[in-house]
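Chemist: I need the structure of the sequence given here:
(one chain, ligands or ions: 1)
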Amino acid sequence: MAAAPSDLRKKRKIAVLGSRSVGKSSLVVRYVEDAFVDSYYPTIENIFQKTITYKGQPYDCDIIDTAGQDEYSILNSKHAIGIHGYVLVYSIASQNSFEMIQTVYDKILNYTGTESVPCVIVGQKSDLHVQRQVSEAEGKELAARLKCAWVETSARHNANVAKVFELMLQETEKGSQEGGPEPQPSKCYIM
Ligand SMILES: Nc1nc2c(ncn2[C@@H]2O[C@H](COP(=O)(O)OP(=O)(O)OP(=O)(O)O)[C@@H](O)[C@H]2O)c(=O)[nH]1
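Modeler: Okay, the predicted model is just below:
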């Protein structure tokens with residue numbers, strides 16, 4: 001069967017959020033370019049494009065790598081409107097970054113006025129065993145409470161990186177069966 005022309009292909013926008021320096025850029029760069037850099041360059045914003053095949057269907061994805069958030073940062077409208085799903089990243093070596101996941105999640109719900117959004121919670125830097133501050137059980141418990149998917153990854157060792165984006169599409173496509181309605185991206189609730 002011939003591949004669908006790219007303008008007919010399904011398009012999805014995924015935003016990657018979380019505290020500074022948890023490894024958001026490293027995760028995305030590992031996935032899209034299969035590279036890892038040790039040095040740290042704070043991100044302003046980067047958009048990566050990748051076609052992801054999920055259940056035999058290609059999805060043209062924009063993956064938006066954002067600047068890190070903290071409790072005081074206001075959600076950028078670009079990261080809250082027109083987004084199909086969120087990758088929320090913490091570092092397993094930072095309790096503070098783990099606590100930020102709930103804060104960022106609440107901000108997304110507040111901004112979009114929805115009760116839930118498709119999310120994958122990612123415990124990054126799983127190779128840092130000695131520095132671990134967040135257990136797997138804590139990660140799973142938070143994900144169950146927020147009804148999100150969850151996975152631990154290491155961009156450094158390329159562990160579970162592709163799994164993040166597979167889970168992301170699993171979450172965004174949950175409601176849409178064959179021939180069913182397209183999942184709606186987030187809208188702005190507060191005017
Ligand atoms: N050990 C280890 N270090 C990592 C991993 N991923 C990223 N790092 C390191 O963590 C630092 C921050 O990584 P970035 O990918 O720039 O983090 P970020 O979340 O995009 O940072 P901001 O742009 O400030 O939000 C860098 O020094 C990376 O080399 C990982 O899986 N394991």
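
Chemist: For the top helix by length along the chain, buried residues please.
Modeler: Longest among the helix segments of the chain by residue count, using DSSP state H, is helix 95-112. Buried residues in helix 95-112, defined by neighbour count with 16 or more other Cβ atoms under 10 Å: S97, F98, M100, I101, V104, Y105, K107, I108, Y111, T112. C-betas here are computed from N, CA, C, even on glycine.

Chemist: Likewise for stretch 115-126?
Modeler: V117, P118, C119, V120, I121, V122, G123, Q124, K125, S126.

Chemist: Can you tell me which of those is closest to the ligand?
Modeler: Using Cβ to the nearest ligand atom, K125 is the member of those that lies nearest the ligand, at 3.9 Å.

Chemist: Retrieve the pLDDT associated with the closest one.
Modeler: Per-residue confidence (pLDDT) for K125: 98.

Chemist: got the contact list for it?
Modeler: Residues near K125 by Cβ atoms under 8 Å, 6 or more residues apart in numbering: V22, G23, S91, I92, A93, S154, A155, R156.

Chemist: so how far is K55 from the closest residue to it other than its chain neighbours?
Modeler: In space, and not counting its chain neighbours, K125 is closest to S91: 4.7 Å by Cβ to Cβ, 6 or more residues apart in numbering. Distance, S91 to K55, using Cβ to Cβ, to the nearest Å: 31 Å.

Chemist: who's more crowded, those two?
Modeler: Under the neighbour definition other Cβ atoms under 10 Å, S91 and K55 were set side by side, and S91 has more, 25 against 10.

Chemist: ok, the more buried one touching Q124?
Modeler: Yes. If you go by Cβ atoms under 8 Å, S91 and Q124 touch, sitting 5.3 Å apart.

Chemist: and for those two, which residues touch both?
Modeler: Common neighbours of S91 and Q124, using Cβ under 8 Å, 6+ apart, are V22, G23.

Chemist: how about stretch 154-164: buried residues?
Modeler: Residues S154, A155, R156, N160, V161, K163, V164 are the ones in stretch 154-164 that count as buried (16+ other Cβ under 10 Å).

Chemist: correct me, but the third one touches V29?
Modeler: Going back to what we said before, that points to R156. No. Applying Cβ under 8 Å, one finds R156 not in contact with V29, separated by 11.5 Å.
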